[in-house]
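In: here is my input, please return the structure:
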Amino acid sequence: MKIWKTLFAATAVMLFWPIMGGAAIIYSNLGADDSFQTNSSYEISGRFGRIVPPFESPVLSYACPFTTGLGRWNLTSLDLALVWVGNGFPPPLSDGTNEFQIRIMSDAGGAPGAVLQVIPAILPSNPQLITFSATAPLKIEPETTYWVGVFAAADDAHGAWALNGTGAIGAVNQGNSPVWYYVDTPQGAMRINGDVVPEPASAAVLGAVFALVGASGRRRIKGHR
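Out: Take a look at the predicted model:
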């Protein structure tokens, strides 16, 4: 009877192993109760986001880093504190286009590198934490730095990224050139969510448990003959 109880327990662990991996927060700079600064933010703007053509204003994009721990994850969503501003001019001139992009990027020597995924974004009219689902689960490696950036996807787009309230710093910005400038200021408020990927070594341990249980069962059967 004992052998079957052990076998049942091992089977249950194996069946529910994917669930045991489960959802997890990969990174967060949000405060208590998901709080963030409501009176400080970074402007995200296209060429005409803050002014009416034919005049132009500098393009503004911001990116913030996060570094993973020892585990492996599949990134599934991001929570960012964003707001659509419009260009500040009343109709019929223009209210601006509410089209933005969330970009997940690799690290290139302490600055945003290659774009790993682009998520289209429509921003709310009031500052709030909004969830953006990944277009596909993105494999996140352990002890690795990644960047999350917010970009205007239209020339007349104008929004804002509220700052975190926990003291996390390291934001960089980008203007009309592709160069990123390190401003050493608070990060935009964000939380990175994903599913834990079980380690292969743990799965091997479960396999070893099955092997031991099987061997024990065979010995018991031979002993009763």
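In: where does pLDDT dip in this structure?
Out: Judged by pLDDT under 70, the chain has its weakly predicted residues at 1-21, 48-57, 87-95, 200-225.
In: show me where it has its helices.
Out: Counting by DSSP state H, the chain has helices at residues 2-15, 17-21, 200-223.
In: report the separation between the nearest residue to residue 117 once chain neighbours are set aside and residue 62.
Out: Leaving aside its chain neighbours, residue 117 sits nearest to residue 104 (4.6 Å; criterion: Cβ to Cβ, 6 or more residues apart in numbering). Just so you know, the C-beta spots here come from the backbone N, C-alpha and C atoms, and that holds for glycine as well. Distance, residue 104 to residue 62, using Cβ to Cβ, to the nearest Å: 14 Å.
In: what residues are up against the spatially most central residue of the chain?
Out: Geometric centre of the chain, nearest residue: residue 192, 3.2 Å, by Cα atoms, centre = their mean. Contacts here follow Cβ atoms under 8 Å, 6 or more residues apart in numbering; on that basis residue 192 touches 25, 26, 27, 28, 66, 75, 78, 148.
In: neighbour count and distance to residue 86 added to those, as TSV?
Out: Formatted as TSV, the contacts of residue 192 follow (neighbours: other Cβ atoms under 10 Å; distance: Cβ to Cβ, whole Å):
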residue	neighbour count	distance to residue 86
25	12	32
26	22	32
27	22	30
28	17	29
66	23	29
75	23	30
78	23	23
148	25	23
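In: can I get those in TSV with distance to residue 166?
Out: Converted to TSV, these look like this (distance: Cβ to Cβ, whole Å):
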residue	distance to residue 166
25	13
26	16
27	12
28	9
66	13
75	21
78	17
148	16
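In: and of the residues you listed, the nearest to residue 131?
Out: Of all the contacts of residue 192, residue 131 sits closest to residue 78, with 7.3 Å by Cβ to Cβ.
In: okay, now residue 173: neighbour count?
Out: Using other Cβ atoms under 10 Å, residue 173 is surrounded by 20 other residues.
In: over to residue 127?
Out: 21.
In: please apply the same query to residue 22.
Out: 9.
In: that's all I had, so thanks and see you.
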